[in-house]
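**Student:** Generate coordinates for the sequence data below:
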Amino acid sequence: MRTNLKTIPCIFLFAVLTQTACAEVSVWDKPTPALAGPKEMTVYRSPTCGCCEKWMDHMKTHGFSVKEIQSDEMDSVKQKLGVPKALQSCHTALVDGYVVEGHVPAEDVKKLLATKPKIAGLAAPGMPSGSPGMEMGGSKANFSVILFDKQGNTQTFHEYSNH
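**Tutor:** Presented below is the predicted three-dimensional model:
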């Protein structure tokens with residue numbers, strides 16, 4: 001078989017353009033404020049959850065060092081860490097003594113760490129479409145990041161609409 005060398009650059013260019021067009025770019029990958037220093041985050045997740053891996057990648061992109069612990073007992077983990085039932089999602093993280101439940105954007109976690117409010121943590125209840133780790137093309141649900149304290153009191157920390 002004889003290869004026409006003139007067609008190789010066209011085939012290469014087509015392959016590069018196809019890969020670039022298919023690569024999913026997250027709206028959540030925009031720059032966020034730098035962390036004051038290295039921050040280790042421990043993430044508890046079910047071994048079968050793929051969106052959790054995507055969320056951990058999002059956190060790594062924004063400067064967090066992620067330690068992963070897989071567990072088949074996520075309900076027990078959430079109960080032990082005091083995550084209110086109504087705020088639960090698929091994964092639970094700990095960073096600097098705070099609980100981060102679900103698909104909370106890195107920017108909100110960084111704001112939490114910078115302001116250090118006297119709360120137990122933040123949650124993005126459920127699995128909101130379009131949140132970090134839950135990107136699904138152009139589908140983006142409006143969602144709230146909720147702060148909660150150890151008594152179960154809650155308050156809106158950040159609203160996302162048409163993000």
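
**Student:** Any regions of the chain where pLDDT drops low?
**Tutor:** 1-27, 29, 33, 162-163 (pLDDT under 70).

**Student:** Apply 80 and report the result again.
**Tutor:** 1-38, 137-140, 162-163 (pLDDT under 80).

**Student:** wait, doesn't Y44 sit right on D75?
**Tutor:** No. Using CB atoms under 8 Å as the test, Y44 is too far from D75 to be in contact (11.0 Å). (C-beta placed from N, C-alpha, C; glycine too.)

**Student:** which one of the two has more residues nearby?
**Tutor:** Y44 (21 against 12; other CB atoms under 10 Å).

**Student:** So what sits opposite the more buried one in the bridge?
**Tutor:** I69, T92 (DSSP bridges).

**Student:** Quickly note the distance from the residue most central in space within the chain to A36.
**Tutor:** Central residue of the chain (CA atoms, centre = their mean): W55, 3.0 Å from the mean position. Counting by CB to CB, to the nearest Å, the gap from W55 to A36 is 22 Å.

**Student:** Over to P117?
**Tutor:** 16 Å.

**Student:** go on, T154?
**Tutor:** 27 Å.

**Student:** which one of P117 and A36 has more residues nearby?
**Tutor:** Using other CB under 10 Å as the criterion, P117 and A36 rank with P117 on top: 13 against 9.

**Student:** Confirm for me that that one is in contact with D149.
**Tutor:** No. Between P117 and D149 there is no contact under CB under 8 Å: 9.1 Å.

**Student:** ok, L113 - contacts?
**Tutor:** L35, A36, K39, V95, D96, Y98 (CB atoms under 8 Å, 6 or more residues apart in numbering).
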